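**Student:** A structural model of the following input is requested.
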Amino acid sequence: MGVSTNFAVAGAFALLLAGLANAGDSTSQPIRGGGAHFSWVVFEALESELEQKTGRELTLFGRKSMLGAGCKAGIDVAKESRPGHETFGLVCCDTKKEILEKEGLVQHPIANEPILILVNKSNPVNDLSVDQVRGLFSGKIRNWKQVGGPDKPVAVITRLHCKHNPGHWKTILPGEEHFSKDRVNVKSAAEMVARVTDFANAIGHTGSTWDFGSDSRVKAVKIGGIEASTENMKKKRYPFFRQLGVVTVKQPGKDVMQIIHEVQAGESFRKLARQYSLQPLH
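**Tutor:** Have a look, this model is predicted:
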């Protein structure tokens, strides 16, 4: 075997070793985050900046996630984290402590998100009191005429997800048994918007980070003259909200924690929060 052949073999062996080393290097692998759509919106908007600051590639999923593939998926994704395969979960509720303890996870709050009260754009009602909202969703108020609207029956649309967690739709009514028995319960925010678009007499609810689109025929009403905004959330003037957050294993990697800290306290997130009427929690 000639000298040049020996160098070629040695070079090939060195490349093989380098490849094996890179394969075991956790920093060469993407960080995976997934779960609830409403938290996904925040991370997706900041993805490029987060990748630049950490030097790590992000793989995110959660667009228009449905019931069973939202907060539950966030918990499942977080549990997958291990050396060489770093993950975090996206949730749109304040996860119950017993669930976190059972799964060996911790939650990192990001922001409070207003829950918008939705009606069809053809409905002349633009403002409802807290008591009127609760009366409409409970079925105690059955006709829009009772709150200054048309003489039409109320169609109640609900999405009662994450029933074991506090907050979220429970800021409207404390349990599913308190909502109208004649309600239509949907499985996703997309379906919620579609139903309120379809039914001129509907009332529904969803988070403020949802992109309604120009053809949704849906509007959010003020609550007691107060609109959902970052300022009104900070002053606790807007009554309906939920907590967006991230769940991780108890000892996540430093890059995962840097990503979370950048979202919690970064200036780019502050601007995004104002865009979506979110209240940063850090």
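
**Student:** any low-confidence regions in the protein?
**Tutor:** 1-27, 66-69 (pLDDT under 70).

**Student:** so where do the helices sit in it?
**Tutor:** For the chain, helices defined by DSSP state H occupy the ranges 3-23, 37-45, 47-54, 71-79, 97-103, 130-138, 189-198, 230-234, 254-265, 267-276.

**Student:** of these, which approaches Arg242 most closely?
**Tutor:** helix 37-45 (8.2 Å; Cβ to Cβ). Every C-beta, even on glycine, is put in place using the N, C-alpha and C of the backbone.

**Student:** packing partners of the closest one?
**Tutor:** Packing contacts for helix 37-45, counted by 3 or more Cβ pairs under 8 Å, 6 or more residues apart in numbering; DSSP states H and E, involve strand 31-35, strand 58-61, strand 87-91, strand 105-120, strand 241-249, helix 267-276.

**Student:** deepest-packed of the ones you listed, please.
**Tutor:** Mean neighbours per residue, mean count of other Cβ atoms under 10 Å, is largest over the helices and strands packed on helix 37-45 for strand 87-91, with a mean of 29.

**Student:** parallel or antiparallel, list what pairs with that one.
**Tutor:** strand 31-35 (parallel), strand 241-249 (antiparallel) (DSSP bridges).

**Student:** now do the first one and helix 71-79, the angle between them.
**Tutor:** An angle of 160 degrees separates the directions of strand 31-35 and helix 71-79 when computed by axes from the mean of the first three to the mean of the last three Cα atoms, to 10 degrees.

**Student:** to Ile172, which of the helices of the chain lies closest?
**Tutor:** Of all the helices of the chain, it is helix 130-138 that lies closest to Ile172, at 5.8 Å by Cβ to Cβ.

**Student:** rewinding a little: need the helices of the chain in CSV (columns: distance to Gly175).
**Tutor:** Shown next, in CSV, are these (distance: least, Cβ to Cβ, whole Å):
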stretch, distance to Gly175
helix 3-23, 50
helix 37-45, 22
helix 47-54, 37
helix 71-79, 18
helix 97-103, 17
helix 130-138, 11
helix 189-198, 19
helix 230-234, 24
helix 254-265, 31
helix 267-276, 28
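
**Student:** closest to Asn123 out of these?
**Tutor:** So among the helices of the chain, helix 189-198 is nearest, using Cβ to Cβ, at 9.6 Å.

**Student:** ok now that closest one, how far from the chain's centre?
**Tutor:** 17 Å (Cα atoms, centre = their mean, to the nearest Å).

**Student:** helices and strands around it, which ones?
**Tutor:** Using 3+ Cβ pairs under 8 Å, 6+ apart: helix 189-198 touches strand 105-120, strand 155-158, strand 202-207, strand 218-220.

**Student:** and the contacts of the third one?
**Tutor:** So the one you mean is strand 202-207. With contact meaning Cβ atoms under 8 Å, 6 or more residues apart in numbering, strand 202-207 is reached by 38, 92, 113-120, 133, 136-137, 154-159, 169, 172, 189, 192-193, 195-196, 218, 240, 242.

**Student:** circling back to that earlier point, so which of the helices of the chain is the most surrounded?
**Tutor:** helix 37-45 (a mean of 24).
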